[in-house]
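Q: Sequence first, then the predicted structure:
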Amino acid sequence: MSKLYTGALPLSAIRAAQAQRAAQDAPEKTVRTESAQDNGTAQNIKTLPLPAQERRFGTPTPAEGVQRPRMFTGRQSGPRTAAIQRLYTIPEFMRTAAESWRAGGNECTVGCTMRQAASVIFVRDGDNGLETILTYRPGTSPLGVVAFPGGTALPGDDESASWVGPGADYWQDQFHFSDIAQARRSVMAAVRECFEETGILLAGEDEQDVVERSSTPELMAWREAVAKQEKSFSDFLTSSGLSVRADLLRPVARWQSPDFFLKRYDIAYFTTALPVGQDPKLLLGKGVWGDWLNVRELLEAKDTSELGDRIGQFNTVGRTLDQLITPGVMCMLESLAKAQTSVAWLSKRRNIEVKKPVLVTHNGACMLSFTEVVPATTGSVYTGAMGVF
């Protein structure tokens, strides 16, 4: 019985066939062996390429003049950030001091000593983005005619008080304070000023507790006593068995008043959510106006006098938003407008930089300018009231 062909060949037969074909196609190469050199004759030797299955792996060397293709590594070339200079209209309450400073040729002069201050940005979710609390401040406060709740640090803020959350060393590192006492003072001033101005109390009996009602008659009496500096805030906390809830705060920014202003502040800005159950109310005799405002809607109407007319004070009626607030407050409102939710805003990690607007002349007018580091983008970037300088 004859064998049936199955279509399969032994490996040795396949290799022999490949070698035979390669020998027929390969060019002859003439080499001289040692014996051939002695006889003065040449010997023809055929060189055979390796069989296909035995060729070695490796990166072929590109031909001369041909560039090797670049591989994508996931990294983008070019800068990731860009420094831009922003220009802002000088707020109305600063204009006289700015013009006098420039007329006196004091552009290179260092301003007066700054007082330490703190402010808190309260946030909550609204129908069209975040909402925040802004208040009216009579006089010529370096915080602005309209600003977030806050104020200057007082000697009583150095007194010892029960504390929950990150220690003063953490806040010193976050805000780049020169000493730990300054860091502790900023946290105490922020919590105290919010309690005085709005009644919002960032305190509780322990790390699991926050005061739910801050408008009781007892707390209102304490608010008035602390605001009049008849009692210190530390005395109130100790008598009430409360601890400062520093763990509820998040660092946002640090701004210093321009050199030309007569009263200068070094302001640490914090942010937090409104504690559940608390209802902010202005302190009678101290507050004039304050309200929750939708940030996006506020910025959409920034070129109108809508907010100033709503406040209804002699130095707000007919004024646009940039005439009522400082450049620092405007920058933080712009950041708030970009956040989709309060959770996204509060959980964002920030690298705090010390910023101070400087007085410049642009097209013959006095303006405030500061340099900001932003993510690098292509094309034009909107950078504020006057764009890139």
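A: Sure, I can see it.
Q: use CA for all of it now, contacts and neighbours both
A: Will do.
Q: Hmm, Val226 is touching Glu196, no?
A: Yes: between Val226 and Glu196 a contact is recorded at 7.1 Å, counting by Cα atoms under 8 Å.
Q: Those two: who's more crowded?
A: Glu196 (27 against 21; other Cα atoms under 10 Å).
Q: part of a helix, is that one?
A: Yes: remark: Glu196 belongs to a helix, assigned using DSSP: H, G, I helix; E, B strand; the rest coil.
Q: Confirm Arg15 sits in a strand?
A: No: under three-state DSSP, Arg15 sits outside any strand and is assigned helix.
Q: where does it land on pLDDT?
A: With respect to pLDDT, Arg15 scores 71.
Q: Burial check on it, number of neighbours?
A: Using other Cα under 10 Å: Arg15 sits among 13 other residues.
Q: Same question for Arg102.
A: Neighbours of Arg102 (other Cα under 10 Å): 16.
Q: what about it, distance to Pro280?
A: Distance, Arg102 to Pro280, using Cα to Cα, to the nearest Å: 41 Å.
Q: One more: Thr216?
A: 12 Å.
Q: more crowded one of those two?
A: A count of neighbours by other Cα under 10 Å puts Pro280 above the other of Thr216 and Pro280, at 21 against 9.
Q: Secondary structure element holding that one?
A: Using DSSP states H and E, Pro280 falls within no helix or strand.
Q: these two touch, right, it and Thr198?
A: Yes: Pro280 lies in contact with Thr198 (Cα under 8 Å); the separation is 5.0 Å.
Q: Let me see the contact set for the residue nearest to Gly290 when sequence neighbours are not counted.
A: Excluding the flanking residues, the one nearest Gly290 by Cα to Cα, 6 or more residues apart in numbering is Thr135, at 4.0 Å. Thr135 makes contacts with 146-149, 288-291, as judged by Cα atoms under 8 Å, 6 or more residues apart in numbering.
Q: now with 7 Å?
A: 146-149, 289-291 (Cα atoms under 7 Å, 6 or more residues apart in numbering).
Q: ok, so of those, who is nearest Glu207?
A: Nearest to Glu207 out of these is Pro149 (Cα to Cα; 23.8 Å).
Q: for the record, mean pLDDT for the helix or strand that contains Asp169?
A: Secondary structure from DSSP H and E places Asp169 in helix 168-175. In this model, helix 168-175 has a mean pLDDT of 96.
Q: So what touches that helix?
A: 179-180, 183-184, 254, 352.
Q: Same question for stretch 345-353.
A: 174-175, 250, 252-254, 272, 339.
Q: switch the cut-off to 6 Å
A: Under the criterion Cα atoms under 6 Å, 6 or more residues apart in numbering, residues 175, 253, 339 lie in contact with stretch 345-353.
Q: out of those residues, who has the most neighbours?
A: In terms of neighbours by other Cα under 10 Å, those top out with Ala253 at 23 neighbours.
Q: Assign a three-state SS to that one, would you?
A: Ala253 is classified as strand under three-state DSSP.
Q: isn't it right next to Thr271, touching?
A: No: counting by Cα atoms under 6 Å, Ala253 does not reach Thr271; the two are 9.6 Å apart.
Q: Could you pull out the helices in the stretch 251-389 of the chain for me?
A: 295-300, 306-311, 327-338, 342-347 (DSSP state H, counting those that start in this stretch).
Q: re the thing from before, let's see the helix holding Asp169 as PDB, backbone CA atoms only.
A: The C-alpha coordinates for helix 168-175 follow below in PDB (Å, rounded to 0.1, in the frame of the first residue of the first chain):
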ATOM      1  CA  ALA A 168       0.200  76.300  62.900                       C
ATOM      2  CA  ASP A 169       3.200  74.700  61.200                       C
ATOM      3  CA  TYR A 170       1.000  73.500  58.400                       C
ATOM      4  CA  TRP A 171      -0.400  76.900  57.800                       C
ATOM      5  CA  GLN A 172       3.000  78.500  58.000                       C
ATOM      6  CA  ASP A 173       4.200  76.200  55.200                       C
ATOM      7  CA  GLN A 174       1.100  76.700  53.100                       C
ATOM      8  CA  PHE A 175       1.100  80.500  53.200                       C
END
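Q: Give the residue spans of the stretch 201-350 of the chain that score low on pLDDT.
A: Residues of the stretch 201-350 of the chain meeting the criterion pLDDT under 70: 285.
Q: Grab the nearest non-local neighbour of Phe93.
A: Thr140 (6.0 Å).
Q: and that neighbour, what element?
A: Here Thr140 is assigned to no helix or strand, by DSSP H and E.
Q: hmm, back to that, which parts of the helix holding Asp169 are buried?
A: 168, 171-172, 174-175 (16 or more other Cα atoms under 10 Å).
Q: Just give me the closest of these to Thr238.
A: Ala168 (19.1 Å).
Q: how many neighbours does the residue lying closest to the closest one once chain neighbours are set aside have?
A: Closest residue to Ala168 apart from its sequence neighbours, by Cα to Cα, 6+ apart: Arg184 at 5.0 Å. Neighbours of Arg184 under the rule other Cα under 10 Å: 21.
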